[in-house]
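Asks: Return a 3D structure for these sequence lines:
(2 chains)
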There are 2 protein chains.
Amino acid sequence: MALSAQPFVDQNRQRLLDELFEFLRIPSVSTLPEHRGDIQRAADFVASGLKNVGLENVAILPTGGHPLVYADWLHAPGKPTVLCYGHYDVQPPDPLELWVTKPFEPTLRDGSIYARGSADDKGQMYIHLKAVEALRSLHGRPPVNLKFLIEGEEEVGGKSIAQFVPENKAKLAADVALVSDTAMYQPNMPTLCIGLRGLIYMEWEATGPARDLHSGLYGGAAPSAVFGLVELLGKAKNAGGVIQIPGLYDDVKEPAPAEVASWKRLPFDEKEYLAKEVGSTALTGEAGYSVFHRTWARPTFEVHGLAGGFTGAGAKTVIPAKATAKVSIRLVPDQNPDTVIRQVRDFVKANTQAGIQVEARVLSAAPATMVNPDHRAIRVAAEAFSEVFGQPTVFIRSGGSIPIVGDFARHLGIPTVMMGFGLPDDGLHSPNEKFCLDNYYKGILAVTHFFEKLAA
Amino acid sequence: MALSAQPFVDQNRQRLLDELFEFLRIPSVSTLPEHRGDIQRAADFVASGLKNVGLENVAILPTGGHPLVYADWLHAPGKPTVLCYGHYDVQPPDPLELWVTKPFEPTLRDGSIYARGSADDKGQMYIHLKAVEALRSLHGRPPVNLKFLIEGEEEVGGKSIAQFVPENKAKLAADVALVSDTAMYQPNMPTLCIGLRGLIYMEWEATGPARDLHSGLYGGAAPSAVFGLVELLGKAKNAGGVIQIPGLYDDVKEPAPAEVASWKRLPFDEKEYLAKEVGSTALTGEAGYSVFHRTWARPTFEVHGLAGGFTGAGAKTVIPAKATAKVSIRLVPDQNPDTVIRQVRDFVKANTQAGIQVEARVLSAAPATMVNPDHRAIRVAAEAFSEVFGQPTVFIRSGGSIPIVGDFARHLGIPTVMMGFGLPDDGLHSPNEKFCLDNYYKGILAVTHFFEKLAA
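Replies: Presented below is the predicted three-dimensional model:
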């Protein structure tokens, strides 16, 4: 079908790309203190962008952490209000040596934009801004009321926005939220995500001897913080992927048979997934569950890294005094983060070996979220998405976490349209992250079309 | 009793200290490539020192790694030949922030010399040089024939000297070796070490997915190199300290009842050892074995550190593609390193979870060593040591490894007198390593006295 915004996209292709490249060049890594200035630059870039496309009340709002950017346009009485969310912060780019081109020098290669944050989430959130510009160019004004709330802490737990939302319910009141921070199931297959796993991110810090000891002199009698932690972590999940923390599966709600049936209709080749996406010799995980089930609807326990002891070149025979592991647990409906944190701490207490103390600190915690696919905004979004890509929209879940979707549901009482334009092999959080150029342009068409249909 | 070298030490106290400080200022860290120049400077320092005290044929011998320093003096026909060994390299000083004074700025505090390498082994090996100087000052010449062989790779496995010794049997032929690289059982208690554990140092490198993956999208299905390694390492030893590698204890020779009985006579307070030396809340290790037994006569499995994944500030939700652990196994009589390496590799192969490959690389391997306390040189050393400190000499083992002692036994057929002047709380390999100043001076007296008695 003819899409109203097609001429706008066709006439502005290069400029739309140049602007995004400018955004991607800002190394707004939220987790590293040395990038604080870049975070500010990214917030400024977003604020200017919102102003330039005609949003009003543009404000960079200071927080305890990185600033939020807010803007609105509320001159469509009687029409729905859409709250657009995105994040301008990105993951650290390391290991740098594995990038083909530099992470903050965006490069077009084989039809994709290679850069840290290209898909997660700068490229996708910028689509929303450019859709507003397209609508102004087409109609002189947006057909719906709009609010934008863009954060800079998504990759570090989103603490500030999690505080901001419940404290600003009136300011943020809307009919539906729009988030583009997920992936399409496969190229050209319009996909709405209706479920997200929650996430508890922790640091487990082990303390053993008062100081590092010589493993020859003390080995056999002195406890090691590194081994104590390794032994504890190793007990938390078995080799078959089953978490061994008592009670952790108690509240897990199994997906409805209809949803499981719909997953079976999705094209999926486990061998190809293993070879092309994961790239190992075998998948891991719980026996008797499909890959969709394991990655979308089952909790996980992951160890992201372990610091402490000696890891340099060569040999050092030390019994380390301290060690810290980064640990996360993905949550599914209806697991309660507080309950799980308690279960984890009980497990740690009960299983830490003699001579070792382990403190399990929580860096962030958010529950899983589901949205109802029969909500009007979801149906309209599915139609708009389908019309742009010429294929039926499929409904999937994501194993990742977008805590804000849960916050919008809980505090504002609204569903979120998770209309994502990423692709499964975009390499989020990995070296050589990319974003499909065609999806950038089609994304602008799809969001424009969604807003038009929502106003109809 | 009157000791012949006492006036020499008394008259040269400050100079003897200044010279050692100069040596300790050289950061000859053998494991770090950036210290290659310092290693050379340390070898030069040793060579000059040997020349200055009248040794002949002084040579810095290039190797595949760090240079060996050789010297001899062979003009005492009919008298025994002593092969003096030491090492001029030191452990890395990290964690730097825990040092009270800088590791390579030696400082005298509370009667001890604080510096990396002060006890291990620069301070102790320098005693041998200064004993030769004392003998020349007293008698114009040493009473025994002397060979010196000083290495720069002791802290990185001693590969070059391990090759050099069997290839230079005639050059190194001697009646006894002298090594000062162990500790006295307690202050003022002359102690000869008659047993050393062996050491296998390994890197276990795990490979999982082809690239780092997002733990939200892939968690539950994709194997993690970090968790795969953690889980494997956790299975290698139980929380009670018992190694779970099949066959590993098969060849362990229990110490003779008489030796175990002598250990029971050593003053030892387990509570004080726990509180003052180890500094944790409980000891670890095999039930039913004493601390001496566990640290001297039982094999150990230690994990020194684990690199890979994310360990920076904050949160990164990554499933790591690679991870490497530093692992060591201490060996006791009569364990064969090759057999144990095979057992370890079989264990790794049998216990690595699906989707993960683990390569177990050997960085160094040396068996345990025992010397016969009834050998004349050992008896003479015990007498000399006792006469300097005014207390009977005790015979102990050490849980550490001095591979060269085994090499001297195997290739040269000679026993080694392990006359150590360190103290148990010297903090070898740890921040704030120290060496008792009084033991430095008394060490010069003791080695001088040993040479004199050996010639008698």
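Asks: need the residues of the stretch 1-150 of chain A near chain B, please.
Replies: For the stretch 1-150 of chain A, the residues in contact with chain B (CB under 8 Å from any CB of the partner chain) are A:30-33, A:91-92, A:95, A:98. C-beta: built from backbone N, CA, C; applies to glycine.
Asks: Among the residues you listed, the buried ones, what's the ChimeraX command?
Replies: Buried residues within the residues of the stretch 1-150 of chain A next to chain B, by 16 or more other CB atoms under 10 Å in any protein chain shown, are selected in ChimeraX with:
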select /A:30,31,32,91,92
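Asks: ok, and for the lengthiest helix in chain A, which residues are buried?
Replies: Ranked by residue count and defined by DSSP state H, the top helix of chain A is helix A:437-455. For helix A:437-455, burial by neighbour count (16+ other CB under 10 Å) applies to A:437, A:439-455.
Asks: still on that earlier bit, make JSON lines out of the residues of the stretch 1-150 of chain A next to chain B and add secondary structure.
Replies: Output for these, formatted as JSON lines (DSSP: H, G, I helix; E, B strand; the rest coil):
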{"residue": "A:Ser30", "secondary structure": "coil"}
{"residue": "A:Thr31", "secondary structure": "coil"}
{"residue": "A:Leu32", "secondary structure": "coil"}
{"residue": "A:Pro33", "secondary structure": "helix"}
{"residue": "A:Gln91", "secondary structure": "coil"}
{"residue": "A:Pro92", "secondary structure": "coil"}
{"residue": "A:Pro95", "secondary structure": "coil"}
{"residue": "A:Leu98", "secondary structure": "helix"}
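Asks: So which of the residues of the stretch 1-150 of chain A next to chain B is the closest to B:Leu428?
Replies: Taking CB to CB as the measure, A:Pro95 is the one of the residues of the stretch 1-150 of chain A next to chain B closest to B:Leu428, at 33.6 Å.
Asks: Could you report the distance from the nearest residue to the closest one once chain neighbours are set aside to A:Leu96?
Replies: Spatial nearest neighbour of A:Pro95, excluding adjacent residues (CB to CB, 6 or more residues apart in numbering or on different chains): A:Pro431 at 6.3 Å. Distance of A:Pro431 to A:Leu96, computed by CB to CB, to the nearest Å: 8 Å.
Asks: Who has more neighbours out of those two?
Replies: Neighbours were counted for A:Pro431 and for A:Leu96 using other CB atoms under 10 Å in any protein chain shown; A:Pro431 has more, 19 against 10.
Asks: correct me, but that one touches A:Pro92?
Replies: No - using CB atoms under 8 Å, A:Pro431 is not in contact with A:Pro92, being 10.9 Å away.
Asks: Any stretches of chain A with poor pLDDT?
Replies: Scanning chain A for pLDDT under 70 picks out A:1.
Asks: ok, residues contacting stretch A:428-435?
Replies: By CB atoms under 8 Å, 6 or more residues apart in numbering or on different chains, the surrounding residues in contact with stretch A:428-435 are A:91, A:93, A:95-96, A:98-100, A:103, A:109, A:112-120, A:123-124, A:421-422, A:426-427, B:211-214, B:217, B:316-318.
Asks: Got a ChimeraX select line for the buried ones in those residues?
Replies: In ChimeraX, this line selects whichever of the contacts of stretch A:428-435 come out buried by 16+ other CB under 10 Å:
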select /A:91,93,99,103,112,113,114,115,116,117,118,119,120,123,124,421,422,426,427 /B:211,212,213,214,217,316,317,318
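Asks: Okay, and which of the contacts of stretch A:428-435 map to helices?
Replies: If you go by DSSP H, the contacts of stretch A:428-435 have A:123-124, B:217 in helices.
Asks: Of those residues, just say which sits nearest to B:Thr324.
Replies: B:Leu217 (25.0 Å).
Asks: correct me, but the closest one touches A:Ile396?
Replies: No - the criterion here is CB under 8 Å, and B:Leu217 misses it with A:Ile396 at 11.4 Å.
Asks: what touches both of these two?
Replies: Taking CB under 8 Å, 6+ apart as the criterion, B:Leu217 and A:Ile396 do not both touch any residue.
Asks: which SSE is A:Ile396 in?
Replies: Using DSSP states H and E, A:Ile396 maps to strand A:394-398.
Asks: ok, then the element right after that strand?
Replies: helix A:403-407.
Asks: Show me what that following helix is packed up against.
Replies: With contacts defined as 3 or more CB pairs under 8 Å, 6 or more residues apart in numbering or on different chains; DSSP states H and E, the packing partners of helix A:403-407 are helix A:159-167, strand A:176-179, strand A:198-207, strand A:357-366.
Asks: Mean neighbour count, these: which tops it?
Replies: The highest mean neighbour count among the helices and strands packed on helix A:403-407, using mean count of other CB atoms under 10 Å in any protein chain shown, belongs to strand A:176-179: a mean of 25.
Asks: Can you show me the CA trace of it as PDB?
Replies: C-alpha atoms of strand A:176-179 as PDB (Å, rounded to 0.1, in the frame of the first residue of the first chain):
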ATOM      1  CA  VAL A 176      -0.200   3.900  25.500                       C
ATOM      2  CA  ALA A 177       3.500   3.800  25.500                       C
ATOM      3  CA  LEU A 178       5.700   3.200  22.500                       C
ATOM      4  CA  VAL A 179       9.100   1.500  23.000                       C
END
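Asks: And that strand, how far out from the chain middle?
Replies: How far strand A:176-179 lies from its chain's middle: 15 Å, per CA atoms, centre = their mean, to the nearest Å.
Asks: wait, does that strand contact chain B?
Replies: No - judged by CB under 8 Å from any CB, strand A:176-179 makes no contact with chain B; its nearest approach is 14.3 Å.
Asks: Pull up the pairing partners for that strand, direction included.
Replies: Sheet partners assigned to strand A:176-179 using DSSP bridges are listed as strand A:81-87 (parallel), strand A:416-419 (parallel).
Asks: Take the ones you listed and write them to CSV, including mean neighbour count.
Replies: Output for those, formatted as CSV (neighbours: other CB atoms under 10 Å in any protein chain shown):
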stretch, mean neighbour count
strand A:81-87, 25
strand A:416-419, 28
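Asks: isn't A:Thr393 right up against A:Pro190?
Replies: Yes - with contact defined as CB under 8 Å, A:Thr393 and A:Pro190 form a contacting pair (4.3 Å).
Asks: Mind listing the shared neighbours of these two?
Replies: Residues touching both A:Thr393 and A:Pro190 (CB under 8 Å, 6+ apart): A:382, A:385-386.
Asks: which residues sit against stretch A:290-299?
Replies: Residues outside stretch A:290-299 that contact it (CB under 8 Å, 6+ apart) are A:195, A:197, A:241, A:243, A:248-249, A:252, A:254-255, A:260, A:263, A:266, A:268, A:270, A:273, A:283, A:285-286, A:289, A:329-332, A:335, A:340, A:396-399, B:217-221.
Asks: please redo it, this time with the cut-off set to 7 Å
Replies: Contact with stretch A:290-299 is made by A:195, A:243, A:248, A:252, A:255, A:263, A:270, A:273, A:283, A:285-286, A:289, A:329-332, A:335, A:397-399, B:217-221, as judged by CB atoms under 7 Å, 6 or more residues apart in numbering or on different chains.
Asks: got the end-to-end distance for it?
Replies: Terminal residues of stretch A:290-299 lie 14 Å apart, using CA to CA, to the nearest Å.
Asks: got it, and stretch A:102-120?
Replies: Terminal-residue distance, stretch A:102-120 (CA to CA): 16 Å.
Asks: Show me how far it is from its chain's centre.
Replies: With CA atoms, centre = their mean, you get 18 Å for stretch A:102-120.
Asks: and what of stretch A:274-285?
Replies: Counting by CA atoms, centre = their mean, stretch A:274-285 comes out at 21 Å from the chain centroid.
Asks: Please see if it touches chain B.
Replies: Yes - contact of stretch A:274-285 with chain B (CB under 7 Å from any CB of the partner chain) involves A:278-285.
Asks: Would you pull up the residue in the stretch 351-456 of chain A closest to chain B?
Replies: A:Gly400 (2.8 Å; CB to the nearest CB).
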